[in-house]
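# Sharing a sequence plus its predicted fold:
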Amino acid sequence: MIRRIAAAWGTNETSGPSELTPMKRIAYQVLVLLALQLASHARAADIPGCQQNELLGFVPESEQVQQHRQFTLPTISYPFGTKLQSYEGGFELTLRVNQLGKVACYGLKNHFDEIQALNDQRREVFHEMQNWRYVPFLRDGQAVAAIVTEVLSEQETLKGHKQVPTVPLAQVHIGLRRSGCFGWCPSYSVDIYGDGHVVYVGNQFVDVVGEHRYQVAPEAVAKLANSLIAKDLWSMRESYRASITDNPTYTVTMQLGNQTHSIEDYVGQSVGMPAVVTEFEKEIDETADSESWIHLGHSAVTRLKQEGFAFASAAGGALLNRAVANENSHDDKAMLELIQLGVPVDTVSDDEGYPQEKHSLFELALQHQRAPLVDALVDKGALRTNGIPDQQKIDGAFRAAIEGANLSLAQKIWNAAGANARPAMTFPDRGDEAQSPPQQSPVTLLLAHHAYELKNWHALEVTKWLEGLGCDLRAHGADGTTLLHIAAEAGDAKLVRYLLDQGINPSTHGRYGPALGATHSEDVAMMLLEAGTDMSLMNDAGDSFRKFSEYNHWARVIAWLDKHPDSRKAK
């Protein structure tokens, strides 16, 4: 294009318009700049938008995407005062990455299935996208195209720079407060002072509650203060609030001498808050070792010992219950140390607002597969009352072990009970409607799909073992659910395959319909389709299922549905 402009003006792109009059020279330069801008946009078109069928295929886990990404995701910046509102805190792109690791095309729908508007800043991303590279994604040892979702941070630039007060470290105070939410968000605060003094206060949905004081290295506080300066946090707005509800509020407080600046972060990145604020919040937590208090860790136990905490008290028992019940707490050694320090073990969970039934500490340990604690509690007589096997405790423990889907723990309870006190193979099932009297359902229906994320999910092994003990794999629970529905919702392809091989009807009606409508796994969906699920029994004869499959990029399912257009007709 530049060559054509040069020819039209009687010059060339290498010699320049040296012989033109000053006015013509300016006009020529303007045209060249416009041509360069148009060429830049033309290059962006080299990567086209995806067609719907191009957004079907293998979807790697987000952790895998991070490992394969060979570039730094760009941040999109907007002038100060730009109104931003993005529910995910950024520009969400769905990319088709080819077998070579290059971006082949992009989709603009976000996870709400809404097309995101483009602006000049977002279009600039398309120029960079041509250089994005991923390590090729493999499936069954072969490089395959992958459907990848990337969220690019969008931020408002600062109005200007504000000078940070220069004070000695002793006059530095940095704090972070995280509020609750409509859910189970950890609510706590930490205040860090220049001399290394820290005050942690746990409020709700944390393992350690109350106020606790301790020391960290002053060098760590100095590093945090330097980060404050490097990130230019002193120049940022005092509040970044999104117009949505039910989320936690995070407040960063920076006091330097007699001057204070605070930043309120309420889903702030969705309205242009720079990502460095979130990074600084994490740095505060790391400096204060907040994690050890939120999810009980060894360092928190050590500090509790130093402050003279009364472990052999009701507060000690409540602490252990919270830690054992917290699915995000993983330091079983720290929990075991509490038991060794004399924490009461005969307590019942106080729920802390969680919508769950009350369970004994022993049952919680079994549900969450905390084997070291289970062994210690068995030794302390968790299955006995006054030295005699307690059938109620045995039955409760056995059910909890089944809920945890861990074969070795279930068998441990079975064997510990002995031949004269074997656990019951059914449980009183009231369903969602709390029916009375309760239905007696087989314990296989206690396999909890949420336990699928646990390290040792043994649902198939537990099922086979319980089947050998007489459990009916075809049974329906009080709310209509079946083991096939539980397996499908958990995405447990091996268990689904086993149940189908036992002759269980894939169209079996559960709480809402066939198991096909419960799964989030393409492998499981394919098994159920190929096994002959009657899609006419599903809501709107499967129309929503097709949309759901497209939304989840399920290429094999869509191909199967296209190949079997009559699959939605009643059989």
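Okay, I see it.

# which residues pair with the residue lying closest to Q51 once chain neighbours are set aside across the strands?
Nearest non-adjacent residue to Q51, counting by CB to CB, 6 or more residues apart in numbering: C105, 7.7 Å away. C-beta coordinates here come from the backbone N, C-alpha and C atoms, glycine included. Counting by DSSP bridges, C105 is bridged to R96.

# ok, C105 - contacts?
By CB atoms under 8 Å, 6 or more residues apart in numbering, the contact list for C105 reads I47, P48, G49, C50, Q51, E54, L95, R96.

# dump the residue contacts of the third one.
In other words, G49. So G49 contacts C105, Y106, G107, L108 (CB under 8 Å, 6+ apart).

# Grab the most central residue of the chain for me.
S62 (9.7 Å; CA atoms, centre = their mean).

# coming back round to it: any chance of the contacts of G49 in a markdown table, plus distance to A459 and pLDDT?
Shown next, in a markdown table, are those (distance: CB to CB, whole Å; pLDDT from 0 to 100):
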| residue | distance to A459 | pLDDT |
| --- | --- | --- |
| C105 | 39 | 97 |
| Y106 | 38 | 97 |
| G107 | 35 | 96 |
| L108 | 39 | 95 |
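
# Buried ones among these?
C105, Y106, G107, L108 (16 or more other CB atoms under 10 Å).

# Among those residues, which pair sits farthest apart?
Taking CB to CB as the measure, the buried ones among the contacts of G49 span a maximum distance of 10.9 Å, between C105 and L108.

# Report the separation between the residue nearest to Q51 and R303.
53 Å (CB to CB, to the nearest Å).

# Repeat that for T72.
37 Å.

# neighbour-wise, which of these two wins?
Per other CB atoms under 10 Å, whichever of T72 and R303 has more neighbours is R303, with 20 against 7.

# which SS state does the nearest residue to F309 once chain neighbours are set aside fall under?
Nearest residue to F309 in three dimensions, chain neighbours excluded: G316, at 7.3 Å (CB to CB, 6+ apart). The three-state label given to G316 by DSSP: H, G, I helix; E, B strand; the rest coil is helix.

# Around the closest residue to Y240 other than its chain neighbours, how many other residues sit close by?
Spatially, and ignoring its direct neighbours in sequence, Y240 is nearest to G268 (3.3 Å; CB to CB, 6+ apart). By other CB under 10 Å, 25 other residues sit near G268.

# V65 now?
By the measure other CB under 10 Å, the count of residues near V65 is 18.

# quick one: it from V148, how far?
V65 is 5 Å from V148, by CB to CB.

# Then G297?
Counting by CB to CB, the gap from G297 to V148 is 34 Å.

# Same check on L364?
38 Å.

# got it, and H68?
8 Å.

# Compare the two (neighbour count), which wins?
V148 (25 against 18).

# Quick check: that one touching K102?
No - V148 is beyond contact range of K102, at 11.6 Å (criterion: CB atoms under 8 Å).

# list residues touching both of the two?
With CB under 8 Å, 6+ apart, V148 and K102 have common neighbours Y134.

# Where does the prediction get shaky in this protein?
Within the chain, the segments meeting pLDDT under 70 span 1-45, 86-89, 349-357, 449-455, 541-542, 568-571.
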